[in-house]
Structure formats: C-alpha cells, structure tokens
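Asks: mind looking at a prediction? Sequence and model below.
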Amino acid sequence: MKRSVLLQTFATDSKEDILKAALSTATSEFNRLWDERNFCLKFMDFHKKVYSNCKETTSFNSQIVCDIERSVWRSKGRSKGITLKFNVPRNCKIFDMTMPFVKFSLFSRNPISIPVVKNRNFQRYSNLIRSGWTCKTYGLTSRLEIVAYLSKDEIELPEKKNVLGIDFNAKRIAITVLSDKNKVLCQAYFGLNIWMKRKSMMRRRSLMQSSMNFSGLRRLRTRESNFVETNLGQMVKGITELALKYDADISIEKLKRFKSKGRRFNKIVMRMPFLKFKEILASRCFDKNITLNIVDSWHTSKFCNHCGAVGKGHDGRNYALFRCKECGVVMNSDRNASRNVALKRLLERRDIPDRKPLQISNMGGLVNGLRHMSDEVGLIQVVVQHSNLLMESPRP
C-alpha cells in the first residue's frame, strides 16, 4: 500500500531563491530532454544519449538526473513545473529535534535544510511513521512543498464471518451485508446527494458553456471535484463502520469498459467516480484491517439471488426494479446486485470438489461458464461464473 502526505515548509529568502532556481533549471532540462527523446525506442538508449550532457549542464547529482530522465520517459508532453524526488538516506534526511526539518542534497555538495511546519499534515505524517509506515523518498514541488511518499507492506488478514457487497452505479451506492448462511443482516444506500448535487452542477455548466464563461467553468470544476471527494470519504467511512459493526469483509465488482450506448448514457456513466471511490475504500480498509475483495462483475445485476435464473436484469417497465421471470420475485435492482456481489464472494470461499475447466468457443464466448452450486451450507442454488476455475484455451 502506498500513500503520500504533503508537508508545508517555511524557508529563508536566500534558500527559497536557491530552491526556485534549481526547480526552474530542472523544469527547463525536463523540456529539453523531452525534445531529445525522439527516435529512442528503449529507456537505456535514451539514458546513454542524454546522461553525460545533462550532468554537465545542470550539476545535479546522479540520482536527480536519473529521476528527471524517468519522468521524461513516462511523460506525455512538456511540463510547466516538476517535482524533484530525493532518496533516503543518500540524498535526503529528515530530523525532528526542537523543530523538524528536511535536508536535501540538490548538488554534489552543500546540502540545504528546509524547516517543516508542524500542522495537521505533519501530525498525520508522524502518526503514520509511528504505526509502521516507512518513507524512502521525499519530493520537492514547484510550490516549495515537501511530498512524503509512504509505503507499508500488506498483511494477510483472517477471513471474517460475514460479507458486505457493494453495487456502484451512476446515482447511488447500494450495500448488503450477508451472513455465511446467506441471511441478509443489513441493507442501505449511500451517495444519492452526490448525484443530485452534480445534476444541478451539470445544468449550471451548460449555461456557462453557452455564455462562454470560462473562469466560472474552472471554479465550478474545482468546486465539484472537492465536493465529490469529500462526500466519497464520508461514504467510505460509513461503509467501513458497517463492516466493522457486522464483522464483515468487503466485496466490490471489477468493472470493465462499457460499450457506447449514446451520448447521454456515456455522459452519465463516464462521470461515475468509481476509481476515486475504489482508491479511498482500499486505503480505509487497509487502515482498519478490513479485507477488500474484487469479484467478477459478470451477471451481478442479471441473475436472481432467490432462484438463480439469469434474465435481463431490470423490469422493462421500471428500470429501478428487478423482476425474475422464473420465480416472479420483484425487488430493487441495486439491492439485488449488491446482494449478488456479496453472494459471489461467499461462493468463492467454498472449495468446489468437481472443478471443470471453462470452455471458450472460437468466437470468444463461454460454453460452460455457468455453474450451479450445491446447497451444502445453507446457500441457495445460484448461477455464477467463478474466477478461480481453470481456463481452457480455445480450439484452433
């Protein structure tokens, strides 16, 4: 698991001038190397081409030069400001005496020490270090702020009794907590306020675009991003608290790319902050010792968790309802999908004695991908595709 913390600094005027000059030199060197990157197919060819000249023109030490080269190689274009990275303990050291400060070795000699502000970010950084996180790299941004890149090894946690399934869609998030006997312990919804707020912002954005109010569009974009990130954090906090309350692991779908179904549908789906939600959820689960499982998204919204029949998913008359044509059960589509996500994880826990490989046709379709599970531990018979089954290559 990786994480970064931004630390504020207060340096003297002379040190600020030195740091700004070094960052300006690094940015200009970055843009110059970007122009020389052409006709290099491998990174080592690019490194051999520019390393000696870069050392002579900048006087940076070898670690900073190599880091600039890697940034250029991974970049997609020029930059207005870059972050210089320093490795510990060769080119960077941090001290915490009466006042914490970081010592950077920009050049081969004369390291520069920068005091760090003791604010909430520094307290968070200190708490993470005390809880077992390690920092092997520090970065210096164009605003003279320090980025601490923290890392911690993941440990294998014991399997909990219950499972919390999450169904993430454009308007809200549905969660269902299942016991190991397939009994529903809790069901809830999150995130409806995000959809309503973003819907009003979409109307305002359309008006600003028609009037060509570009400064207002930039402010609205920043406001929307901050609002979504704050509310995603609050949702994740509520979900993890429910997982701890019911002693449950968390399961979420592995969403794939969707097929284009029109401009309006693409606009709604592409605005789903799923990746941001997944990042925050993974980070909070790691802090609270909760296992986050990724299950296959195949037919999670289409099969009935009551009888196992696979249908179209939602009712033709009402998209929010799921209606099974086999057993006639009617329930909310989001609740059905979240329960199926949790149920898939419960079934993947069980060993299958008669495993058979999945057969794939020449057209790439599954031949025997649907499996009926036995009712050994009180689970109903459902139809799922198991990711732990062996794959059989298609016939030539």
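Replies: Everything's here; your move. Just so you know, these numbers come straight off a predicted model, no measurement behind them. Numbers count the residues shown, from 1 in each chain.
Asks: quick one: low-confidence ranges for the stretch 101-250 of the chain?
Replies: Residues of the stretch 101-250 of the chain that meet the criterion pLDDT under 70 lie in 108-109.
Asks: strands along that one, start to end?
Replies: Using DSSP state E, counting those that start in this stretch, the strands found in the stretch 101-250 of the chain span residues 112-115, 134-140, 146-151, 162-168, 173-178, 184-190, 248-254.
Asks: including mean neighbour count, could those go into a markdown table?
Replies: The C-beta positions use only the backbone N, C-alpha and C, and glycine is treated the same way. As requested, the strands of the stretch 101-250 of the chain are arranged in a markdown table below (neighbours: other CB atoms under 10 Å):
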| stretch | mean neighbour count |
| --- | --- |
| strand 112-115 | 16 |
| strand 134-140 | 18 |
| strand 146-151 | 19 |
| strand 162-168 | 26 |
| strand 173-178 | 25 |
| strand 184-190 | 16 |
| strand 248-254 | 23 |
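Asks: which of those sits closest to E29?
Replies: Closest to E29 of those is strand 134-140 (CB to CB; 14.9 Å).
Asks: can you tell me how far the residue positioned nearest the centre of the chain is from P273?
Replies: Closest residue to the average C-alpha location of the chain: E279 at 2.9 Å, with CA atoms, centre = their mean. Here E279 is placed at a distance of 10 Å from P273 (CB to CB, to the nearest Å).
Asks: which residues touch L220?
Replies: By CB atoms under 8 Å, 6 or more residues apart in numbering, the residues touching L220 are M201, R204, R205, M208.
Asks: just A26 next, same as before
Replies: Contacts for A26 (CB under 8 Å, 6+ apart) come out as T58, F60, I64, I68, I82, L84.
Asks: could you check which helix or strand contains it?
Replies: According to DSSP states H and E, A26 maps onto helix 13-36.
Asks: export the following helix or strand past that helix as CSV, just CAs?
Replies: Later in the chain than helix 13-36, the nearest helix or strand by DSSP H and E is helix 43-58. Output in CSV follows, covering the C-alpha atoms of helix 43-58 (Å, rounded to 0.1, in the frame of the first residue of the first chain):
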residue,chain,number,x,y,z
PHE,A,43,14.9,3.9,-22.0
MET,A,44,18.6,2.7,-21.8
ASP,A,45,19.2,4.2,-25.2
PHE,A,46,17.7,7.5,-24.1
HIS,A,47,19.7,7.4,-20.9
LYS,A,48,23.0,6.8,-22.7
LYS,A,49,22.2,9.6,-25.1
VAL,A,50,21.4,12.4,-22.6
TYR,A,51,23.1,11.5,-19.3
SER,A,52,26.5,13.0,-19.8
ASN,A,53,25.3,16.2,-21.2
CYS,A,54,22.7,16.6,-18.5
LYS,A,55,25.3,16.2,-15.8
GLU,A,56,27.4,18.9,-17.3
THR,A,57,24.7,21.4,-17.9
THR,A,58,22.8,21.1,-14.6
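Asks: re the thing from before, now do the helix holding A26, average pLDDT.
Replies: Across helix 13-36, the average pLDDT comes to 89.
Asks: tell me which residues of it come out buried.
Replies: The neighbour-count check on helix 13-36 (16 or more other CB atoms under 10 Å) flags K15, I18, L19, A22, L23, A26, T27, E29, F30, R32, L33, W34 as buried.
Asks: just checking, E36 touches V50?
Replies: Yes. Counting by CB atoms under 8 Å, E36 touches V50, with 5.8 Å between them.
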